[in-house]
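1. The sequence and its predicted three-dimensional model are supplied below.
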Amino acid sequence: MVAPGVESWTDYSNKAGVGRTGGAAKVQRVAEHFAQLAENVPYLQANFMFGLDTDEGDEPVELTKRFMDLAPFAFPTINIPVPFGGTPLHDVLAASGRILAAMPFTFYYAPYLVTTIRNYDPITYYTKLIQLHEHAASPSMLRRRMRTTSNRAVGYVHRARTASFRADITRF
């Protein structure tokens, strides 16, 4: 198993190995990189962050869904930004007063927002997060994933993770 951090279509590009490429061009290049990995690695996970300050409008959702369509063999993990102390994210959000001070540390995990997202109100944010999970957990996506593997264990993992995503939708 390999779990590369794609993180964002507009930010963190140094992690994806695509230089300054962003947007749709980054989606294509990253999907190609994952396809190369899939030739030798039986299970891939793609890690994303949704709710960064560079995320705005429908584009990050549509680009992530496009990646899922291009690379169904890579199971996506969509993370909510969490400002753990001592990190640059914490420092930026604390300086701008965007960390919810009344939120106990034990809630610093999905499905809870512990910050004020710059470009989405909470309802819009969760609506878009649900859209991402619905796409990832759709029956058609599961069928596509299952067609990409002959490894029985990977098939079980795809089914279990899809069920988990469906449960996440309910929590969101």
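-> Right, received. Where do you want to start? Residues are numbered from 1 along each chain as shown.

2. Surely Leu44 touches Pro72?
-> No - contact criterion Cβ atoms under 8 Å: Leu44 and Pro72 do not qualify, at 10.4 Å. In short, each C-beta sits where N, CA and C put it, glycine included.

3. what separates Val6 from Arg29, distance-wise?
-> According to Cβ to Cβ, to the nearest Å, Val6 and Arg29 sit 11 Å apart.

4. okay, these two: which has more neighbours?
-> For Val6 versus Arg29, neighbours defined as other Cβ atoms under 10 Å are more numerous around Val6 (25 against 16).

5. Just to check, the more buried one is in contact with Ala31?
-> No - using Cβ under 8 Å, Val6 is not in contact with Ala31, being 9.8 Å away.

6. And the closest residue to Asn79 other than its chain neighbours, how close does it get to Ser140?
-> Counting by Cβ to Cβ, 6 or more residues apart in numbering, the nearest residue to Asn79 once its immediate chain neighbours are dropped is Met49, at 5.2 Å. To Ser140, Met49 is 25 Å away according to Cβ to Cβ.

7. go on, Ala153?
-> Note on Ala153: its distance to Ser140, by Cβ to Cβ, is 23 Å.

8. Same question for Pro76.
-> Pro76 sits at a distance of 15 Å from Ser140 (criterion: Cβ to Cβ).

9. quick one: which of these two has more around it?
-> Neighbours were counted for Pro76 and for Ser140 using other Cβ under 10 Å; Pro76 has more, 23 against 10.

10. Tell me, what's the model's pLDDT at that one?
-> pLDDT for Pro76: 98.

11. now the helices for the chain?
-> Along the chain, counting by DSSP state H, helices occupy 13-16, 23-38, 59-70, 88-95, 122-136, 139-147, 152-171.

12. residues touching Phe34, list them.
-> Residues near Phe34 by Cβ atoms under 8 Å, 6 or more residues apart in numbering: 4, 44, 46, 71, 73-74.

13. Now tabulate those in a markdown table and tack on distance to Ala101 and neighbour count.
-> Shown next, in a markdown table, are the contacts of Phe34 (distance: Cβ to Cβ, whole Å; neighbours: other Cβ atoms under 10 Å):
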| residue | distance to Ala101 | neighbour count |
| --- | --- | --- |
| Pro4 | 34 | 17 |
| Leu44 | 38 | 20 |
| Ala46 | 33 | 24 |
| Ala71 | 39 | 23 |
| Phe73 | 42 | 22 |
| Ala74 | 37 | 28 |
